[in-house]
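**Student:** I would like the atomic coordinates for the input below:
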Amino acid sequence: MAALQRNCLVTVGATVGFKQLTEQVLQPAFWQFLSSEGFTSLRIQCGPDISWASAQLSSLQDDVPQGLTVDVFESTKNLMKDEMLLCKASSGFRQTGLVISHAGTGTILDAWKVGLPVIVVPNEQLLDNHQAEMAKHLAKEGYAITSTPSSTDLQGAIHKVNLLWEENKSRWPPHEVKSQKNPSALRLWDMHPQEVEKEEDAQMTND
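**Tutor:** Numbers count the residues shown, from 1 in each chain. Model (predicted):
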């Protein structure tokens, strides 16, 4: 019987590159680790670094482990629909995958809407290091695992996020989302503190 698919999506945002992260996830040692964890696909959204990333992947194509596919792309109009849904479990077809994301509010919320484990990697060179503050709060509240761009740290974070994912199944069981037409319904932004509002104001276009 063929192994179930398990997809990993790495996303850095559409307008500003995050070469530190892109470089680390384009290393053969990281690919070997993903393969050992049962991943069958790695998709890397790398924004303006697409030319460099494409050349790097092409030069290392022979080092991609058997059973794993690695692809890079610049951006997409709807990251949640086009990419994140491919990380969602599908009975008899796919295991729950993973999103590794820069600390962009829109991206993180989309991953939560789909119901996926998230590793947040702040790009500390952006906007007075606001992404690091965002990532710190998410980790403190148990919403996500944070990591540096280092491939070694990412590997440790992947082990941790699997444990957090199982724990959160009991902490936050599935519930019915109220219609926005109901004025008394709790809005998603109301569920998060002021740090999220600060990040929302600072986030990039097509985050």
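**Student:** what's the nearest residue to F73 if we skip its chain neighbours?
**Tutor:** Q45 (5.8 Å; CB to CB, 6 or more residues apart in numbering). Using the backbone N, CA and C atoms, a C-beta is placed for each residue, glycine as well.
**Student:** Could I get the contacting residues of that neighbour?
**Tutor:** Residues in contact with Q45 (CB atoms under 8 Å, 6 or more residues apart in numbering) are 9-12, 14, 72-76, 79, 83.
**Student:** try it again with 7 Å
**Tutor:** Residues near Q45 by CB atoms under 7 Å, 6 or more residues apart in numbering: 10-12, 73, 75, 79.
**Student:** Return the distance of it relative to D71.
**Tutor:** Here the criterion is CB to CB, to the nearest Å. By it, Q45 lies 10 Å from D71.
**Student:** same thing with G106?
**Tutor:** 22 Å.
**Student:** so where's this protein shaky on pLDDT?
**Tutor:** 1-2, 126-143, 165, 167-207 (pLDDT under 70).
**Student:** Break down it into its helices, ranges please.
**Tutor:** 19-25, 28-36, 50-59, 79-82, 105-114, 130-141, 151-171, 194-202 (DSSP state H).
**Student:** Show me what counts as buried in the fourth one.
**Tutor:** It refers to helix 79-82. In terms of neighbour count (16 or more other CB atoms under 10 Å), helix 79-82 has its buried residues at 79-80.
**Student:** Show me what it is packed up against.
**Tutor:** helix 105-114 (3 or more CB pairs under 7 Å, 6 or more residues apart in numbering; DSSP states H and E).
**Student:** ok, and for the helix it packs on, which residues are buried?
**Tutor:** Using 16+ other CB under 10 Å as the test for burial, helix 105-114 gives 105-111, 114.
**Student:** what helices or strands is it leaning on?
**Tutor:** Going by 3+ CB pairs under 7 Å, 6+ apart, helix 105-114 lies up against helix 79-82, strand 98-101, strand 118-120, helix 194-202.
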